[in-house]
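Undergrad: coordinates for the following, if possible.
(chains A, B and C)
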Amino acid sequence: MRDDAAGRRAVRIVETEAYVPGDAAAHSYRGETPRNRSLFLSRGHAYVYFIYGTWFCLNVSAEATGVGAGVLFRAGEPLAGIPAMERRRRGATLRDLARGPGRLAEALDVTRAEDGLDMCAAGPLWLAAPHGAAPRIGKSVRIGVTQEAHRLLRFYERDSPFVSGPRRINL
DNA sequence: AAGAAGATTCGCT
DNA sequence: GCGAATCTTCTTA
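TA: Have a look, this model is predicted:
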């Protein structure tokens, strides 16, 4: 959930990737730096990083204070505040509004300003429990990752059209 | 001090 | 399919 001057925007997270302790692909692998310090906060805090000089990506920290682990939000199904998302993502179809980590952050206007926020507390960026029937969940290797490339740490809703990635890995 | 690679996306071929 | 855009961090000299 995103609450700011544009009103409320909501997406259902339909695709995630885990970056776990001891994982060479994780930003936290080589210890704490100014960029990744939010990964070392207790579970539930936002970690926002800037990539390829162009995009932000949103994660949530996933372990106890000082451990260093997180879950990347890779795609979302737009639920509310869709006009505000369309203004941020000019020219994108509904399906592509938040389909991909960079697009998701752009649709929700998430930048470094949100880095470190507690997403389990009331505020401009927070997590709500999903509702409705439990979806079928698929798992696969992570996208764009070269280290520890065999690990099945990507999770997605198997029946959602809002999931990113090549079709062949979305079994 | 300089260079390469990276949890990406878009536009053009 | 390939290259550009272009920031941060890590590696190597």
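Undergrad: C-alpha coordinates for stretch A:28-36, PDB please?
TA: Provided in PDB are the C-alpha atoms of stretch A:28-36 (Å, rounded to 0.1, in the frame of the first residue of the first chain):
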ATOM      1  CA  SER A  28      24.000  -8.100   2.000                       C
ATOM      2  CA  TYR A  29      26.600 -10.900   1.200                       C
ATOM      3  CA  ARG A  30      29.700  -8.700   1.700                       C
ATOM      4  CA  GLY A  31      28.500  -7.000   4.800                       C
ATOM      5  CA  GLU A  32      26.800  -3.700   5.600                       C
ATOM      6  CA  THR A  33      27.500  -0.600   3.400                       C
ATOM      7  CA  PRO A  34      25.700   2.700   3.200                       C
ATOM      8  CA  ARG A  35      23.600   1.400   0.300                       C
ATOM      9  CA  ASN A  36      22.400  -1.800   1.800                       C
END
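Undergrad: quick one: buried residues of it?
TA: Within stretch A:28-36, the residues scored as buried using 16 or more other CB atoms under 10 Å are A:Ser28, A:Tyr29, A:Asn36. No exception for glycine: its C-beta is placed from N, CA and C like everyone else's.
Undergrad: what helix or strand does the most centrally placed residue in chain A sit in?
TA: Nearest residue to the geometric centre of chain A (CA atoms, centre = their mean): A:Phe73, 1.5 Å. Secondary structure from DSSP states H and E places A:Phe73 in strand A:70-80.
Undergrad: and that strand, anywhere near DNA strand B?
TA: Yes - applying CB under 7 Å from any atom of the strand, one finds strand A:70-80 touching DNA strand B at A:Gly70, A:Leu72.
Undergrad: buried residues in that strand?
TA: Buried residues in strand A:70-80, counted by 16+ other CB under 10 Å: A:Gly70, A:Val71, A:Leu72, A:Phe73, A:Arg74, A:Ala75, A:Gly76, A:Glu77, A:Pro78.
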